[in-house]
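# Take this sequence and fold it.
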Amino acid sequence: MQSLASQRFETFWSQVAQSPADQKLAIIGSENPLHFDCVKNKHLCHFISNEKDTLKEAKNLGFEISTILNHYYDIIVLELTKSRETNLGLIALAEECLKDGGKMIINGDNRIGIKSFLQNISNQWPPEITLIKKKGRIALYQKKKQLFGRWKKYQGFDKNSDGYYTRCDMFSPKEIDKGSRKLVSVFSTKLFGEVADLGAGWGYLSKEALRLNKKITRITLFESNYSAYLASKKNIDDKRATFRWASLENIRNLRLRFDHVICNPPFHSGRRKDLELLKSFIFYSSRLIDLRGSVWMVFVSGVYLENELKDHFDNIKILYKDKHYFVCQLLKPIIKEV
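Got it, this is the predicted structure:
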């Protein structure tokens with residue numbers, strides 16, 4: 001079933017904005033390449049994303065893929081994200097990468113604030129066309145001059161309140177997540193040997209693990225978000241750290257086994273709760289550890305999946321619990337054929 005954003009774009013694209021065959025197009029901000037399957041000349045369209053899995057899906061659909069806007073484009077489509085700062089940074093970047101006279105399309109749902117966002121833009125850059133449809137809005141703008149260069153600051157890495165380099169398009173950029181703090185307080189000085197940080201984000205868990213545990217010989221950070229992967233490399237200066245931009249699918253055939261896995265797993269895709277994503281983290285963590293190894297994982301209380309854990313581990317120890325979080329040590333992985 002098509003999403004509302006996809007239906008809105010398809011209507012707008014077919015009736016108003018469809019580009020000539022030789023024009024270069026870029027899509028930014030979107031987590032779902034299928035929203036743009038109506039675009040016919042996909043070989044001339046760059047799908048831009050930080051997410052490894054999203055880029056793989058886009059490539060399979062026939063789009064050219066990249067983590068950055070690196071050409072001058074005739075049309076750039078921004079699908080609004082849930083982060084206001086990210087959207088402002090993308091507007092500034094897109095404006096810089098549009099050809100003179102090029103067009104920008106901004107599409108978003110009411111629930112993420114598209115109305116107020118377009119009003120903010122339109123005060124300085126009036127739209128050529130606006131369509132209100134399917135619980136959202138989509139508008140077309142034509143580039144005439146540079147207006148939003150001041151927002152490029154949102155595309156850079158800055159130190160947050162805890163002294164870590166982050167950017168607005170990653171998890172918990174402004175401060176250390178409370179669940180991660182709880183997890184560190186539990187594993188403390190108990191780690192050694194080969195360690196994996198699954199869904200490492202901008203590197204807080206790994207940096208603390210290395211600081212507290214001199215017996216760690218190597219820690220491998222696995223992170224699918226390219227911005228977070230780059231930030232973690234800026235935040236950790238330790239020869240024992242190895243960094244891998246990798247999705248869960250990339251880990252599937254990994255032959256390495258670790259003494260410990262540390263993980264604060266995501267349970268949202270965008271704004272939507274995604275328990276299947278959380279289940280995947282539980283499954284892959286069980287595949288990464290040695291039979292005598294440990295997984296150290298923190299859960300938000302409302303998404304503690306006890307039955308799922310029992311499917312993959314014989315020994316589950318709850319080491320910390322309050323009204324907000326569970327912190328578990330997971331032992332004796334159950335290896336099933338898949």
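# Residue 282 reaches residue 310, doesn't it?
No. In this structure, residue 282 is not within contact of residue 310 by C-beta atoms under 8 Å, at 10.3 Å. (Glycine included, C-beta is placed from N, CA and C.)
# So for those two, which residue has more residues nearby?
residue 282 (20 against 11; other C-beta atoms under 10 Å).
# ok, that one - contacts?
Residues near residue 282 by C-beta atoms under 8 Å, 6 or more residues apart in numbering: 265, 297, 305, 308, 309, 312.
# Output the residues you listed in CSV, with neighbour count, distance to residue 276 and secondary structure appended to each entry.
Below are the contacts of residue 282 laid out as CSV (neighbours: other C-beta atoms under 10 Å; distance: C-beta to C-beta, whole Å; DSSP: H, G, I helix; E, B strand; the rest coil):
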residue, neighbour count, distance to residue 276, secondary structure
265, 21, 12, coil
297, 27, 17, strand
305, 15, 11, coil
308, 14, 10, helix
309, 19, 15, helix
312, 21, 15, helix
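# which stretches of the stretch 51-200 of the chain form strands?
64-66, 73-79, 98-109, 129-133, 136-142, 158-159, 165-166, 193-198 (DSSP state E, counting those that start in this stretch).
# lowest-confidence stretch among those?
Sorting those by mean pLDDT places strand 129-133 lowest, at a mean of 90.
# just checking, residue 230 is part of a strand?
No. Under DSSP: H, G, I helix; E, B strand; the rest coil, residue 230 sits outside any strand and is assigned helix.
# Please list all residues in contact with it.
Residue 230 neighbours (C-beta under 8 Å, 6+ apart): residue 157.
# Kindly report the same for residue 100.
Counting by C-beta under 8 Å, 6+ apart, residue 100 has contacts residue 143.
# Quick check: the gap between it and residue 6.
Per C-beta to C-beta, to the nearest Å, residue 100 is found 30 Å from residue 6.
# Turn the strands of the stretch 51-200 of the chain into a markdown table, columns for distance to residue 288.
Putting those into a markdown table (distance: least, C-beta to C-beta, whole Å) gives the following:
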| stretch | distance to residue 288 |
| --- | --- |
| strand 64-66 | 27 |
| strand 73-79 | 33 |
| strand 98-109 | 36 |
| strand 129-133 | 45 |
| strand 136-142 | 40 |
| strand 158-159 | 31 |
| strand 165-166 | 26 |
| strand 193-198 | 5 |
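# Which of these sits closest to residue 11?
Between residue 11 and the strands of the stretch 51-200 of the chain, the tightest spacing by C-beta to C-beta is seen for strand 129-133, at 6.4 Å.
# buried sites along that closest one?
Buried residues in strand 129-133, defined by neighbour count with 16 or more other C-beta atoms under 10 Å: residue 131.
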